[in-house]
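Asks: Predicted model follows, preceded by the sequence.
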Amino acid sequence: MAVQKLPLAKALNESLRKALETDPKVLIMGLDVGKLGGVFRITEGLQKDFGEDRVIDTPLAESGIVGTAIGLALRGYRPVVEIQFDGFVFPAYDQIVTQLAKIRARSLGTVKMPVVIRIPYGGGIGAVEHHSESPESLFAHVAGLKVVTPANSSDAYWMLQQAIQSDDPVIFFEPKRRYWDKGELDTEAIPGELHKARVAREGTDLTLVAYGPMVKTCLEVAEAAAEEGKSIEVVDLRSVSPIDFDTIQASVEKTRRLVVVHEAPVFFGSGAEIAARITERCFYHLEAPVLRVGGYHAPYPPARLEEEYLPGLDRVLDAVDRSLAY
């Protein structure tokens, strides 16, 4: 078995390398993805090995990058676009929402649109606004787009493979503050379906649902709660659109309590949709209201304040205690 321990960033690099080797129609495009290897070095060494026609340095023009990718997809290619930082995606938002998301439906499914847009997202790296945001719910709200985010090295490798193989457009959010966290990767064993949630830790008293950067935080919360005799189940959502409500429901029917955690603001966040759906599905099982923990409804703060903005151990534990107190 090809099992190795790699940082999440290196797992993404290996996944892109595998895709380029396997399918000559796979292309990588983005600002500084070639010679520099990307600002986070996710594409490091790929242009050297596969050439400038496969790993393409683009101008600083996100709308042009995504528009070109759409054209390439129409001609049978599978472009993988890198947006350098989360807040830089908005010049391309028009292309993504009005074109990329609509073409398969507009053609009654006859035209494939295999475009992957990689976006490093979230805070925790001491950067300013436009470099630390979590805009996933803006894309999850758009029909026609799939939105996924890995929380560990294994999912980073395999989910990116699955996204590239998809005939639908996939927005692939990468938790940038977890890039250097190491995890086990078996390059011969697919961990699961792209849009299937995963129970990261079994428990009986309460369910924590998280995705991307907050999965690690929730696992630390479960560890801390265990020292006080509380058994917390952690569900890694993995996919924000579509959402695997069945896995969440099965967990909540067992634990009877749910707290949803994400870095994005709570207001109109993905946690609201999860809370609504699980309340509908599990009304007679719930022993407490579904609680949400997330960022504040405010622009992302300066670096010295971001630890107050981001949901951390204490804020999640407080929600756990409030839920268990009902």
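Replies: The structure has been received and is ready for your questions.

Asks: For the rest of this, base every contact and every neighbour count on C-alpha atoms.
Replies: Will do.

Asks: tally of neighbours for the closest residue to residue 76 other than its chain neighbours?
Replies: Nearest-residue entry for residue 76: residue 25, 7.2 Å, with adjacent residues in sequence omitted and distances by C-alpha to C-alpha, 6 or more residues apart in numbering. For residue 25, the count of nearby residues is 16 (other C-alpha atoms under 10 Å).

Asks: my guess is residue 25 meets residue 77, correct?
Replies: Yes. Counting by C-alpha atoms under 8 Å, residue 25 does reach residue 77; the two are 4.7 Å apart.

Asks: roughly how far apart are residue 63 and residue 88?
Replies: According to C-alpha to C-alpha, to the nearest Å, residue 63 and residue 88 sit 10 Å apart.

Asks: How about residue 30?
Replies: 12 Å.

Asks: neighbour-wise, which of the two wins?
Replies: The neighbour comparison of residue 30 against residue 88 (other C-alpha under 10 Å) goes to residue 30, with 24 against 17.

Asks: Phi, psi for the more buried one please.
Replies: Phi and psi for residue 30, reported as degrees, to the nearest 10, are phi 160, psi 170.

Asks: So if we follow the domain assignment, how does this protein break up?
Replies: Annotated domains of the chain cover 3-186, 198-324 [automatic domain parsing].

Asks: and whichever strand in the chain runs longest, how far out from the chain's middle?
Replies: Determined from DSSP state E, the single longest strand within the chain is strand 258-265. Offset of strand 258-265 from its chain centre (C-alpha atoms, centre = their mean, to the nearest Å): 13 Å.

Asks: Give me the sheet partners of that strand and which way each runs.
Replies: Sheet pairing of strand 258-265 (DSSP bridges) gives strand 206-210 (parallel), strand 291-295 (parallel).

Asks: how many neighbours does the residue nearest to residue 277 when sequence neighbours are not counted have?
Replies: Spatially, and ignoring its direct neighbours in sequence, residue 277 is nearest to residue 245 (7.7 Å; C-alpha to C-alpha, 6+ apart). Residue 245 has 16 neighbouring residues, counting by other C-alpha under 10 Å.

Asks: tally of neighbours for residue 193?
Replies: 12.

Asks: Just to confirm, what confidence does the model report for it?
Replies: As predicted, residue 193 sits at a pLDDT of 94.

Asks: In three-state terms, label it for me.
Replies: coil (DSSP: H, G, I helix; E, B strand; the rest coil).

Asks: What residues does it make contact with?
Replies: Residues near residue 193 by C-alpha atoms under 8 Å, 6 or more residues apart in numbering: none.

Asks: try residue 159
Replies: 150, 194.

Asks: So what does it look like in phi/psi?
Replies: Given degrees, to the nearest 10, the pair of backbone angles that residue 159 has is phi -70, psi -30.

Asks: so how far is residue 9 from it?
Replies: In terms of C-alpha to C-alpha, residue 159 sits 13 Å off from residue 9.

Asks: and the closest residue in space to residue 268 that isn't next to it in sequence, what helix or strand is that in?
Replies: Excluding the flanking residues, the one nearest residue 268 by C-alpha to C-alpha, 6+ apart is residue 137, at 7.9 Å. Using DSSP states H and E, the element containing residue 137 is helix 136-140.

Asks: tell me what that helix is packed against?
Replies: With contacts defined as 3 or more C-alpha pairs under 8 Å, 6 or more residues apart in numbering; DSSP states H and E, helix 136-140 has these neighbours: strand 146-148, strand 239-241.

Asks: Could you export those as a markdown table, including mean neighbour count?
Replies: As requested, the helices and strands packed on helix 136-140 are arranged in a markdown table below (neighbours: other C-alpha atoms under 10 Å):
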| stretch | mean neighbour count |
| --- | --- |
| strand 146-148 | 26 |
| strand 239-241 | 24 |
